[in-house]
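Q: Let's see this in three dimensions:
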Amino acid sequence: MIRYECLQLLASKMTDQLVVTSQSGQRIEWSHLSRHEGNLLVGMMGCAIGVATGLALALPHRKVIALDSDGSVLLSLF
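A: Next up is the predicted model:
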C-alpha cells in the first residue's frame, strides 16, 4: 500500500479529529483528500509533532493526529 492509499483510508475515517501535517509530500496529498475544518497544514519542517503535542495538551477532549515525514522528525531532533 502506498502513502496516498493510506491517507485515503485515513481521510474516510475522519470525524472531528485535528490533523497536523508538516511541510512535505503528505501535506499536499492530505490537503487534496481531506477538506474538514480540523486540518492544520503547517508550512515548516520539524514542527508538526510539537504543534500536535501542544494542541493535545491544550485540548484534552479532542483527538489530535500528526502526519509527519522521516526528514521532518529528524529535523525536530536538533
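
Q: Contact partners for residue 76?
A: 46, 47, 49, 50 (CB atoms under 8 Å, 6 or more residues apart in numbering). For every residue, glycine as well, the C-beta is placed using N, CA and C.

Q: can we see that at 6 Å?
A: Residues near residue 76 by CB atoms under 6 Å, 6 or more residues apart in numbering: 46, 49.

Q: cool, and residue 22?
A: 42, 45, 48, 68, 72.

Q: Correct me if wrong: the last one contacts residue 45.
A: Yes - between residue 72 and residue 45 there is a contact at 4.6 Å, judged by CB atoms under 6 Å.

Q: Just checking the distance from stretch 46-53 to the centre of its chain.
A: 9 Å (CA atoms, centre = their mean, to the nearest Å).

Q: Give me the residues contacting that stretch.
A: So stretch 46-53 is contacted by 20, 21, 22, 42, 64, 66, 68, 72, 75, 76 (CB under 6 Å, 6+ apart).
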